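Asker: Would you be able to build a 3D model of this:
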Amino acid sequence: MLVSLAVAAVVTGTAAAVGAVVRDDPTAAAASARSSPSTTTSSTSTTTTTLPPTTTVPPALIQPPPAALPPPPGGGVGLGSRGAEVQAYQQRLVDLHFDPGPVDGYYGLGTVYAVQALQKLMGVPPTGSIGNAEVLALNSFQYQPPLAVEPEPNRTEVDVTKQVLTLYENHQVRLITAVSTGSGENYCYTPRGGTGRVCEDAITPAGRYEFYEFRAGWDPSPLGRLYNPFYFNRGIAVHGLEEVPPYPASHGCVRIPMHIAEYFHTLVNIGDAVHVFGEQSAVLPVAPPPPPPTPAPTTTPPPPSTEPPPPPPPPSDTAPPDTAPPEDTLPPEALPPGEGV
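Answerer: Residues are numbered from 1 along each chain as shown. Alright, predicted model coming up:
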């Protein structure tokens, strides 16, 4: 009986000691805490990530395939030429989106304008005639990179430096034509509805604009008539005119050949972008200097006469006739100058 009591006491003391050790051990306390259910409140944090702006890269230009045109007969063809070679050159110009007019084998003014545009892109004198260099350029022609940094799909680019207009449709070349922009000369005019004279320099200002108004047919202006003008910068428009010289000659508008002005307005819409690049002064053809004046012939005066002078005539009662012009007659140089356009 005493042995049993002793054993029980030993067991009870050992259990108490073990319990004390567990309570004092942090690892055990942590294990106990994990084994017991508890209520935890957690906070949710939101993180905002800023993505870099997305830049849309326009599609690359679809370049034309090479051609194998015949050499120009006689070394060159130009205005008035006819033949199968001329027709082949016209068809190639059409394929490249120049507009030479009818593809009929006759070298007309439309073909001259189209070849001038090609030559301006080549960087050679815009004679409007086709020689071996032009045939080589037509065979291997590739479109030049667009000038607009952030190009719109449908836009018109006017290169004042080269005097060339390029029209893009869905980022691809739709039309290339020769133009004539502001001459850089100073001119004066009376604005529509105005009473005072305004003097300006004839320039085509660089910048980005938009087509905003089209007027069909001949549109009269204080400086002359504009055919089918499509305005994009106040009174500045892309319009047709009978004469489109290969250098800047307008009052600021962008002149295009008449046969292209017939349909240009159908290729663009109100709101389409117009980019003008390379504003500059006029590059007009230099006129040859006038010939030097011809010196007057040198003559030896006759010796003085030794005869006495004749006596004066007797007085007359008849008055000399009136030689003064009528009051309403003036010499041509005294007439007021006309006011041209």
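Asker: This protein: helices as residue ranges?
Answerer: In the chain, the segments counted as helices under DSSP state H are 2-24, 26-35, 84-95, 109-122, 132-139, 258-261.
Asker: quick one: buried residues of the longest strand along the chain?
Answerer: Of all segments of type strand in the chain, defined using DSSP state E, the longest is strand 224-233. By neighbour count on 16 or more other C-beta atoms under 10 Å, the buried set for strand 224-233 is Leu226, Tyr227, Asn228, Pro229, Phe230, Tyr231, Phe232, Asn233. No exception for glycine: its C-beta is placed from N, CA and C like everyone else's.
Asker: quick check, nearest of these to Gln91?
Answerer: Nearest to Gln91 among the buried residues of strand 224-233 is Asn228, at 26.3 Å by C-beta to C-beta.
Asker: Hmm, that closest one is touching Leu241, no?
Answerer: No. Using C-beta atoms under 8 Å, Asn228 is not in contact with Leu241, being 10.3 Å away.
Asker: which residues do those two both contact?
Answerer: Ala261 (C-beta atoms under 8 Å, 6 or more residues apart in numbering).
Asker: Flag the shaky bits of the chain, pLDDT-wise.
Answerer: 1-55, 280-341 (pLDDT under 70).
Asker: let's see 80
Answerer: 1-56, 192-195, 279-341 (pLDDT under 80).
Asker: can you give me the strands for it?
Answerer: Taking DSSP E as the criterion, the chain carries its strands at 155-159, 164-169, 172-178, 186-189, 198-201, 207-210, 213-214, 218-221, 224-233, 236-240, 254-256, 273-277.
Asker: Nearest to Pro70, out of the ones you listed?
Answerer: strand 172-178 (22.8 Å).
Asker: Please work out which residues outside stretch 187-194 touch it.
Answerer: With C-beta under 8 Å, 6+ apart as the criterion, stretch 187-194 contacts Gly196, Arg197, Val198, Cys199, Glu200, Asp201, Ala202, Ser221, Pro222, Leu223, His251, Val341.
Asker: Stretch 73-81 now?
Answerer: Residues contacting stretch 73-81 (C-beta under 8 Å, 6+ apart): 83, 85-86, 89, 106-109, 111-112, 127-132.
Asker: Drop anything exposed from the residues you listed.
Answerer: So, by 16+ other C-beta under 10 Å, the buried ones in those are 85-86, 89, 106-109, 111-112, 127-130.
Asker: Export those to a markdown table and append columns for distance to Leu165.
Answerer: A markdown table is the format used below for these (distance: C-beta to C-beta, whole Å):
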| residue | distance to Leu165 |
| --- | --- |
| Glu85 | 27 |
| Val86 | 24 |
| Tyr89 | 21 |
| Tyr106 | 25 |
| Tyr107 | 22 |
| Gly108 | 20 |
| Leu109 | 17 |
| Thr111 | 17 |
| Val112 | 16 |
| Thr127 | 20 |
| Gly128 | 17 |
| Ser129 | 21 |
| Ile130 | 21 |
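Asker: before we move on, the earlier item: out of the contacts of stretch 187-194, which are buried?
Answerer: By 16+ other C-beta under 10 Å, the contacts of stretch 187-194 give Ala202, Ser221, Leu223, His251 as buried.
Asker: wait, the first one sits on Leu223?
Answerer: No. No contact is recorded between Ala202 and Leu223 when judged using C-beta under 8 Å, the distance being 9.4 Å.
Asker: sorry, back to before: show me which pair in the contacts of stretch 73-81 is furthest apart.
Answerer: It's Leu109 and Asn132 that sit farthest apart of those, by C-beta to C-beta, at 22.8 Å.
Asker: shared neighbours, Ala202 and Leu223?
Answerer: Tyr187, His251.
Asker: contacting residues around Gly101?
Answerer: Gln90, Gly108, Leu109, Gly110, Thr111, Ala114, His259.
Asker: Over to Leu241?
Answerer: Leu226, Tyr227, Arg255, Ile256, Met258, Ala261.
Asker: which residue packs closest to the first one, ignoring adjacent ones?
Answerer: What it means is Leu226. His239 (4.0 Å; C-beta to C-beta, 6 or more residues apart in numbering).
Asker: which residues touch that neighbour?
Answerer: Asp219, Leu226, Tyr227, Asn228, Pro229, Phe230, Cys253, Val254, Arg255, Ile256, Ala261.
Asker: Appreciated, that's everything.
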